[in-house]
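J.: for reference, the sequence and a predicted model appear below.
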Amino acid sequence: MLDEDVRLMLAFRDGDDAAFDALFERWAGKLLRFLERMVRNEAVAEELVQETFLRVHRARARYAPDAKFSTWLYTIASNVARNELRRPFRRAPHDSTDLEREEGRPLELAAEESPVDEIVNARREGAEVEAALQLLPERQRAALWLAAVEGLPYAEVAAALETSESSVKALVHRGRVALADQLANARAKLATPQKPFLIRGGAR
Amino acid sequence: MTTDRDAELSALLDGALSANEESALRDEIARVPELAARLEELAHVDAALRALPARAVPGNLRARLQAKLDAEAHAHSPFGSLRTDARGRTSPRRAWIAGFGAAAAAAAAAVVVMVGGPANDSAPAATGDLAVNPPSATAPAAVDEVRPQAVAEVRAVPSASVVSGDAGSGAAADQIARAVPAPAPTPRGEQEPEPGPAASESAQPFAADPSRVAIEETAPAESAFRDEELPLPSAAALSGSASDRLALASSPLYVEVTDDEADALGQLELHDATIVGVLDLLGELDELEAGAS
């Protein structure tokens, strides 16, 4: 029994263009969410979704169902995201810290303009999580997203990120712990009473 | 909480532990409140990530992808193509582009004539035929001595599908007819135009020479489109009458050539590449216009 995505891809390979439409319908949303978290720019993420499907389209003749379609698709998406993140002149508002930050090293937040401050000021947990996620190194972010949100097994994540399962296990664990700690810190700061702002030159 | 413990809890959340490992860890979690609290913290991260708002896929994303696919296929095709929608319609802008492509092809063919030798004053302009020059003794020595002759004699011959008027080619002919301000077409059955002086000179030896072979110009396989594909007219298709041009633009192109003429077809491909370049430029202008509006 073929996986539905594999069946569609094989149909597309054999000339059924409607199958390509169906694959786009099934996967564009998930890819967009994943790529937005990777490149932190909605417009660029849309471009990368297109680039991912362009590559699928180009590779249709060579497609062989050796792995799950999702694994293949996320491998392509991860590669286009990685290429984007390594562009010499990345489009704003990308963060340039990914490549310099070593995997596993604790997150070091700058004293000023701390993203934690942004998190604390954010009233919604979603904003906190989003901001904390952006602080993770690229591969931690990708591995955590694919495992925790998309529910891919470590083996599939490893294939998509072109690394080993043990490496994925470490990446996911570090990312998850870093996020948990960030959120705990944010909650702790929120719980701390803030000094009132004093504005010079106010009402006399 | 140690890193090892966190790693185990993380693997537990991902379902990456063996049955025995999971059972042992759950027993321990039940006994150690700190472990249970940490598991809850980590699980909260997953729940928060999954709860992040999902932006809807923009409605035009598929269309933008298709535009890129079209452009990519177009870039790989020496002839370019027209894409129709599900109901067989071509957008007005694309029809206009097709017309421009035909004009560009005509211009490219005219350039060949100018390069090939001095202009023939008797070449007919009003009939819609391209002016072609016989080989001239005064042609510059730097110009290939064979090629101008060959180009001058390459004439488009309507294929069977044109004569029978299949549905696809008929639709394309209509599109081109709307787009190209050509002279009034001759009836379908009348395949050969009234030759002018220069056309007669090229057509007669062409028809009489039994050594000529028919070859088919085909677009590369990569130019397959999800919808109906219609080839643009090449320079070769424009060497006949207006009706020939319209008919040939909508069908596989059959061109009878000699060996020398086959060499000259390489030159025609250059012209087609020029047309594709023009079309690509127009496509970019189209996108700019769409963006501005």
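T.: Good, I have the coordinates. Numbers count the residues shown, from 1 in each chain, chains lettered A, B, ... in the order given.
J.: please make it C-alpha for all contacts and neighbour counts, starting now.
T.: OK.
J.: tell me how far B:L61 lies from chain A.
T.: 7 Å (Cα to the nearest Cα, to the nearest Å).
J.: I figured that residue hits A:A45, correct?
T.: No - counting by Cα atoms under 8 Å, B:L61 stays clear of A:A45, with 11.1 Å between them.
J.: compare these two (neighbour count), which wins?
T.: A:A45 (23 against 16; other Cα atoms under 10 Å in any protein chain shown).
J.: chain A against chain B: which residues are in contact?
T.: Within chain A, the positions lying close to chain B (Cα under 8 Å from any Cα of the partner chain) are A:17, A:24, A:28-29, A:32-33, A:46, A:50, A:53-54, A:125-126, A:129-130, A:145, A:147-149, A:151, A:153-154, A:169-170, A:172-173, A:176-177, A:179-180.
J.: would you write a ChimeraX line that selects the buried entries of those?
T.: Buried residues within those, by 16 or more other Cα atoms under 10 Å in any protein chain shown, are selected in ChimeraX with:
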select /A:17,24,28,29,32,33,46,50,53,54,125,126,129,130,145,147,148,149,153,154,169,170,172,173,176,177,179,180
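J.: among the residues of chain A next to chain B, name the ones in helices.
T.: A:17, A:24, A:28-29, A:32-33, A:46, A:50, A:53-54, A:125-126, A:129-130, A:154, A:169-170, A:172-173, A:176-177, A:179-180 (DSSP state H).
J.: hmm, which helix or strand of chain A has the shakiest average pLDDT?
T.: Using mean pLDDT, DSSP states H and E, helix A:115-121 stands out as the lowest-scoring helix or strand of chain A, at a mean of 52.
J.: next, give phi and psi for A:T163.
T.: Main-chain torsions, A:T163, degrees, to the nearest 10: phi -150, psi -170.
J.: and the gap between it and chain B?
T.: Distance from A:T163 to chain B, by Cα to the nearest Cα: 17 Å.
J.: what's the neighbour count on that residue?
T.: 12.
J.: neighbours around B:D27, how many?
T.: 10.
J.: one more: B:A290?
T.: B:A290 has 9 nearby residues by other Cα under 10 Å.
J.: now do B:D70
T.: By other Cα under 10 Å, 20 other residues sit near B:D70.
J.: for B:L17, which non-adjacent residue is closest in space?
T.: In this structure, B:L17 finds its nearest non-sequential neighbour in B:A11, 6.1 Å apart by Cα to Cα, 6 or more residues apart in numbering or on different chains.
J.: what sits against that neighbour?
T.: A:169, A:173, B:17 (Cα atoms under 8 Å, 6 or more residues apart in numbering or on different chains).
J.: could you dump those residues to a markdown table with distance to A:A186 and pLDDT?
T.: Formatted as a markdown table, the contacts of B:A11 follow (distance: Cα to Cα, whole Å; pLDDT from 0 to 100):
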| residue | distance to A:A186 | pLDDT |
| --- | --- | --- |
| A:K169 | 26 | 94 |
| A:H173 | 20 | 95 |
| B:L17 | 31 | 93 |
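J.: and these, which is closest to A:N41?
T.: A:H173 (25.5 Å; Cα to Cα).
J.: my guess is the closest one meets B:S10, correct?
T.: Yes - applying Cα under 8 Å, one finds A:H173 in contact with B:S10, separated by 5.5 Å.
J.: I'd assumed the residue nearest to B:L17 was in a helix, is it?
T.: Yes - under DSSP: H, G, I helix; E, B strand; the rest coil, B:A11 sits within a helix.
J.: that one and A:A45, how far apart?
T.: The gap separating B:A11 from A:A45 is 29 Å, by Cα to Cα, to the nearest Å.
J.: ok, A:E84 next?
T.: 10 Å.
J.: pull the contacting residues for A:V6.
T.: With Cα under 8 Å, 6+ apart, A:V6 has these contacts: A:65, A:68-69.
J.: change it to 6 Å
T.: A:V6 sits next to A:F69 when contact means Cα atoms under 6 Å, 6 or more residues apart in numbering or on different chains.
J.: dump the helix or strand hosting it to CSV, restricted to CA.
T.: Counting by DSSP states H and E, the element that carries A:V6 is helix A:4-13. Output of helix A:4-13 as CSV, limited to C-alpha atoms (Å, rounded to 0.1, in the frame of the first residue of the first chain):
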residue,chain,number,x,y,z
GLU,A,4,-0.7,8.8,-0.6
ASP,A,5,2.0,11.4,-1.2
VAL,A,6,4.2,8.8,-2.9
ARG,A,7,1.3,7.7,-5.0
LEU,A,8,0.7,11.3,-6.0
MET,A,9,4.3,11.9,-6.8
LEU,A,10,4.5,8.8,-8.9
ALA,A,11,1.4,9.9,-10.7
PHE,A,12,3.0,13.3,-11.3
ARG,A,13,6.1,11.6,-12.6
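J.: for the closest residue to A:A160 other than its chain neighbours, helix, strand, or coil?
T.: Nearest non-adjacent residue to A:A160, counting by Cα to Cα, 6+ apart: A:T75, 3.9 Å away. Going by three-state DSSP, the secondary structure assigned to A:T75 is helix.
J.: in this structure A:T75 contacts A:A159, no?
T.: No - judged on Cα atoms under 6 Å, A:T75 makes no contact with A:A159 at a distance of 7.0 Å.
J.: between these two, which has more neighbouring residues?
T.: Neighbour tally, A:T75 and A:A159, criterion other Cα under 10 Å: the higher count belongs to A:T75, 20 against 17.
J.: for the more buried one, give its distance to A:E162.
T.: 8 Å.
J.: again with A:L54
T.: Taken as Cα to Cα, the span from A:L54 to A:E162 is 21 Å.
J.: can you check B:A16 too?
T.: 19 Å.
J.: between those two, which one's more packed in?
T.: Set B:A16 next to A:E162 and count neighbours by other Cα under 10 Å: B:A16 wins out with 17 against 13.
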